[in-house]
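Student: Generate a structure from the sequence data that follows.
(2 chains)
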Amino acid sequence: MHNWNDAQATQIIKEEAAAGAVLTKALRRLVDYFGYVDETAIAPLATHFLRSKAEVFGVIQYYSDFRTSAPGKHVLRLCQAESCQAVGARKLTKQVCDRTKLALGGTSTDGKLTLEPVYCLGLCANGPAAELDGQPLAELNKTKINALLDRLIS
Amino acid sequence: MSAQFRLFVPGDMLAVALGADELVKELERQAKVKNLSLEIIRNGSRGMCWAETLLEVQTPAGRMAYANVTAKDVKSLFKADFLNGGAHPKSLGLTRKIPWLAKQSRIIFNRCGIIDPLSLDEFAASGGFSGLLIALQMSGREIIEQIIQSGLRGRGGAGFPAGIKWKTVANADGNTKHIVCNADEGDSGTFADRLIMEGDPFRIIEGMVIAALATGAEHGMIYLRSEYPFAVKMMRNAIKIAKNANWLGADIQGFGRNFELEVFVGAGSYVCGEETALLESLEGKPGIVRSKPPLPAIEGLFGQPTVINNVITLCSVPDILARGANWHKKLGIGQSTGTMPFQLAGNLAKGGLVEVPFGISLLELIEGFGGGTGNGSQIKALQIGGPLGAYLPPDMFATKVGYEELSNIGAGIGHGGIVVYGSDVNMREQAEYAFEFCAEESCGKCTPCRIGAVRGKELMQAKTFNKSLIDELCEIMIEGSACAMGAMTPIPVQSAMRYWPQDFAKENK
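Tutor: Residues are numbered from 1 along each chain as shown, chains lettered A, B, ... in the order given. The predicted model follows:
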């Protein structure tokens, strides 16, 4: 991930607008590059996509992928959906939240870790499932998740 | 020069989650030490999720399978001479004879997990493009007639006849028409779309081109959820390869027909699987549902006539063209023709994808294939059809699966996902979750869904349980919601209350 840079962001926005892309495609590129969409991007997005700032804000708010603040160095997304619930996801989530002292959606003060909920990764026969920095994880249990957290936050 | 040994290790997202990449590295490392040359194909999954990572070795007798293999097993596998199919505690014998696979009727998934997903040659050698080649020589009307005759119904949830939808688009006014593939597979317990996209991407392309020929569309989009990054990459590569080989683009195979196809990645919104919300999302807007009418078939993407079909619906099409409508019609029961890829998940010993004709019982699926719960407890409930599907108790498991058969017991097939729960599940928690999920994912357009879901969650959390108030709320959501999100959330809630009243009788702590 790259640190937010207004000039670079505006460049991406201009490129997508010039290519005739839809607004969300520009947002996707911003999130893929910077990890989030800074509020300073709202004005140039509105200008180049011919939308009001309120509309742009509405689109960003609607989609959970479009974060509005920088995520931690590592992002751990824990599946909260039914198949994973059936094999202990609620308990596992609680263990992770307790140990990291974070709620789902929170980022640690040292910026090392962000916890997020995710609703289904399609690994439903092998839950509980999760994703760490884009890497899928399955058949998690207390031991495995603790080993993972040891690596991430200690 | 070809390698001495041919191996298969799925590159599928699940296999990778379970260490398939590390397994490949370790196989290559130890082979190098032994001076052996291996060719390792990263195939899709066979759908035996319980056996992943499934390592296969090509032998003269056929492919031999080894289940749940990790990098740690490599040493003992070499010792057991696995390259020649040697016996090992993890061996399942010849893959084609594994009962779990042999009992299925794999048509849509006939080559998934078998071929190299991006090999056009292997695709064509296993019947790929044969349906499309027939369609290229037919009129649009003839193709649609075949699909109508076949009885194919939408596999996304609603079960609407696919041929009728195509006919409406074909007859709609407009020079620009679209084919949209709904690959926003958000239901928990479903992964058929993911498996086919990762394991046999050209099948989807073939189905979409046939839909385009039938309706006169020249532009297509695959709306693919961002939670499936492996599928995104696979579909984009497959489109590139298909285009280079002239199965997409201008003047397809010299028949004078054009079709451009692209992938659009979603951004984490369940309700975008609803077709009108999906269209809004494709237009770059929030996924807020549209009022119907107008139907998307008349005014869809950018106001133009649009076919929106689920991945599995489109994947069912090539074989109907290749083998004929009557062949398809003979499979299944009643108004549910063809095969259905069921996805078995949750607390099960053997979860995975099972493709069989409609008419199989729920019991045969979860016990016969699924092998009961994973932790040995009694099955208490199953949920069929995703987060908006009904919870059913064991005394209903004899039900044969078909659209009408399930509708008769207040349930639906949805996208074919079945989530199984053991004795540890508390149905009041599940009912609360149904409201919670609706509150989380509601697009906010209509009041019954937006506010009803929040009120429902509060009522479930209340110290004392007020059934009549919850039933009243459910009725308002069913009658007043703009789409299935709000209108179907009461299904899991009310089925849980109906079949497990004891879980609601106790006071909340």
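
Student: Show me what the helix or strand containing B:Trp166 is packed up against.
Tutor: Element membership of B:Trp166, judged by DSSP states H and E, is helix B:162-171. Judged by 3 or more CB pairs under 8 Å, 6 or more residues apart in numbering or on different chains; DSSP states H and E, the packing partners of helix B:162-171 are helix B:140-150, helix B:201-215, strand B:306-310. All C-beta spots, glycine's among them, are computed from the backbone N, C-alpha and C.

Student: possible to save the ones you listed as JSON lines with distance to B:Val57?
Tutor: Formatted as JSON lines, the helices and strands packed on helix B:162-171 follow (distance: least, CB to CB, whole Å):
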{"stretch": "helix B:140-150", "distance to B:Val57": "38"}
{"stretch": "helix B:201-215", "distance to B:Val57": "25"}
{"stretch": "strand B:306-310", "distance to B:Val57": "35"}
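
Student: how about the residues of the stretch 251-400 of chain B near chain A?
Tutor: Residues of the stretch 251-400 of chain B lying close to chain A (CB under 8 Å from any CB of the partner chain) are B:265-270, B:281-288, B:343-348, B:351-352, B:374, B:383, B:387.

Student: Buried members of these into ChimeraX, please.
Tutor: Buried residues within those, by 16 or more other CB atoms under 10 Å in any protein chain shown, are selected in ChimeraX with:
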select /B:265,266,267,268,269,270,281,282,284,285,286,287,288,343,344,345,346,347,348,351,352,374,383,387
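
Student: List the ones among the residues of the stretch 251-400 of chain B next to chain A that fall in helices.
Tutor: B:Ser281, B:Leu282 (DSSP state H).

Student: State the phi and psi torsions of the closest residue to B:Gly199 other than its chain neighbours.
Tutor: Once flanking residues are discounted, B:Gly199 sits nearest to B:Gly44: 1.9 Å by CB to CB, 6 or more residues apart in numbering or on different chains. In terms of degrees, to the nearest 10, the main-chain angles of B:Gly44 are phi -80, psi -170.

Student: I'd assumed B:Pro10 was in contact with B:Gly44.
Tutor: Yes - assessed by CB atoms under 8 Å, B:Gly44 is found in contact with B:Pro10 at 6.2 Å.

Student: Check the contact lists of these two and give me the overlap.
Tutor: The contact sets of B:Gly44 and B:Pro10 overlap at B:Gly113 (CB atoms under 8 Å, 6 or more residues apart in numbering or on different chains).

Student: Now do the same contact list for the most centrally placed residue in chain A.
Tutor: Nearest residue to the geometric centre of chain A (CA atoms, centre = their mean): A:Asp65, 5.5 Å. By CB under 8 Å, 6+ apart, the contact list for A:Asp65 reads A:Arg28, A:Val31, B:Ser226, B:Gly266, B:Ala267, B:Gly268.

Student: 10 Å - rerun?
Tutor: A:24, A:27-28, A:31-32, A:37, B:225-227, B:265-269 (CB atoms under 10 Å, 6 or more residues apart in numbering or on different chains).

Student: Now do the SS call for it.
Tutor: Secondary structure, DSSP: H, G, I helix; E, B strand; the rest coil: A:Asp65 is coil.

Student: Need the pLDDT of it.
Tutor: The per-residue pLDDT reported for A:Asp65 equals 96.

Student: just the one 10 residues further on next, same as before
Tutor: The model reports A:Val75 with a pLDDT of 96.

Student: one step back: so which of the residues of the stretch 251-400 of chain B next to chain A belong to strands?
Tutor: Counted as lying in strands by DSSP state E, out of those, are B:Val265, B:Gln343, B:Leu344, B:Ala345, B:Gly346, B:Gly352, B:Gln383.

Student: Could you verify my assumption that the third one touches B:Gly374?
Tutor: Read it as B:Leu344. No - at 11.0 Å, B:Leu344 does not count as touching B:Gly374 under the criterion of CB atoms under 10 Å.

Student: what is in contact with these two at once?
Tutor: A:Ala125, B:Trp50, B:Lys350, B:Gly351, B:Val420.

Student: The residues you listed into a markdown table, with extra columns for distance to B:Gly303 and pLDDT?
Tutor: Putting those into a markdown table (distance: CB to CB, whole Å; pLDDT from 0 to 100) gives the following:
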| residue | distance to B:Gly303 | pLDDT |
| --- | --- | --- |
| A:Ala125 | 41 | 96 |
| B:Trp50 | 47 | 98 |
| B:Lys350 | 47 | 98 |
| B:Gly351 | 42 | 97 |
| B:Val420 | 43 | 97 |
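
Student: Farthest-apart pair in those residues, please.
Tutor: Spanning the widest gap among these are B:Trp50 and B:Val420, at 12.7 Å by CB to CB.

Student: Between the two, which has more neighbouring residues?
Tutor: B:Val420 (30 against 21; other CB atoms under 10 Å in any protein chain shown).

Student: Got the phi and psi for that one?
Tutor: phi -100, psi 140.

Student: Report the beta-bridge partners for it.
Tutor: Under DSSP bridges, the beta-bridge partners of B:Val420 are B:Gly346, B:Leu382.

Student: got the contact list for it?
Tutor: A:83, A:86-87, B:189, B:344-349, B:351, B:362, B:365-367, B:370, B:372-374, B:379-384.

Student: ok so, going back, can you list the helices and strands packed on helix B:162-171 in JSON lines and add mean pLDDT, mean neighbour count and distance to A:Thr10?
Tutor: Formatted as JSON lines, the helices and strands packed on helix B:162-171 follow (pLDDT from 0 to 100; neighbours: other CB atoms under 10 Å in any protein chain shown; distance: least, CB to CB, whole Å):
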{"stretch": "helix B:140-150", "mean pLDDT": "98", "mean neighbour count": "20", "distance to A:Thr10": "46"}
{"stretch": "helix B:201-215", "mean pLDDT": "98", "mean neighbour count": "27", "distance to A:Thr10": "36"}
{"stretch": "strand B:306-310", "mean pLDDT": "98", "mean neighbour count": "27", "distance to A:Thr10": "33"}
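
Student: Tell me how far the residue minimising distance to the centre of chain B lies from chain A.
Tutor: For chain B, the residue nearest the mean C-alpha position is B:Ala192 (2.6 Å; CA atoms, centre = their mean). Distance, B:Ala192 to chain A, using CB to the nearest CB, to the nearest Å: 9 Å.

Student: pretty sure that residue contacts B:His415?
Tutor: Yes - checked against CB under 10 Å, the pair B:Ala192 and B:His415 is within contact range at 7.0 Å.

Student: pLDDT below threshold where in the chain?
Tutor: Went with chain A since none was named. Applying pLDDT under 70 to chain A picks out no residues at all.

Student: oops, chain B please
Tutor: B:1, B:507-509.

Student: give the contact list for B:Leu152.
Tutor: Contacts of B:Leu152 (CB under 10 Å, 6+ apart): B:146, B:161-163, B:166, B:309, B:313, B:316-317, B:320, B:325, B:328-329, B:337-338.

Student: the strands in chain A, which residues?
Tutor: Under DSSP E, chain A gives strands at A:74-79, A:113-118, A:130-132, A:135-137.

Student: so which of those strands comes closest to B:Ile107?
Tutor: strand A:135-137 (28.1 Å).

Student: helices and strands around the closest one, which ones?
Tutor: The helices and strands touching strand A:135-137, judged by 3 or more CB pairs under 10 Å, 6 or more residues apart in numbering or on different chains; DSSP states H and E, are strand A:74-79, strand A:130-132, helix A:142-153, helix B:13-17, helix B:229-244.

Student: So the residue in the stretch 151-300 of chain B that chain A sits nearest to versus A:Tyr63, what's the distance?
Tutor: Closest contact between the stretch 151-300 of chain B and chain A, by CB to the nearest CB, is at B:Gly284 (2.7 Å). Distance of B:Gly284 to A:Tyr63, given as CB to CB, to the nearest Å: 11 Å.

Student: joint contacts of those two?
Tutor: With CB under 10 Å, 6+ apart, B:Gly284 and A:Tyr63 have common neighbours A:Thr24, A:Leu27.

Student: thinking again about what came up before, show me whatever sits in contact with both of B:Trp50 and B:Val420.
Tutor: When contacts are counted by CB under 10 Å, 6+ apart, B:Trp50 and B:Val420 are jointly contacted by B:Leu344, B:Leu348, B:Ala349, B:Gly351, B:Gly370, B:Gly374.
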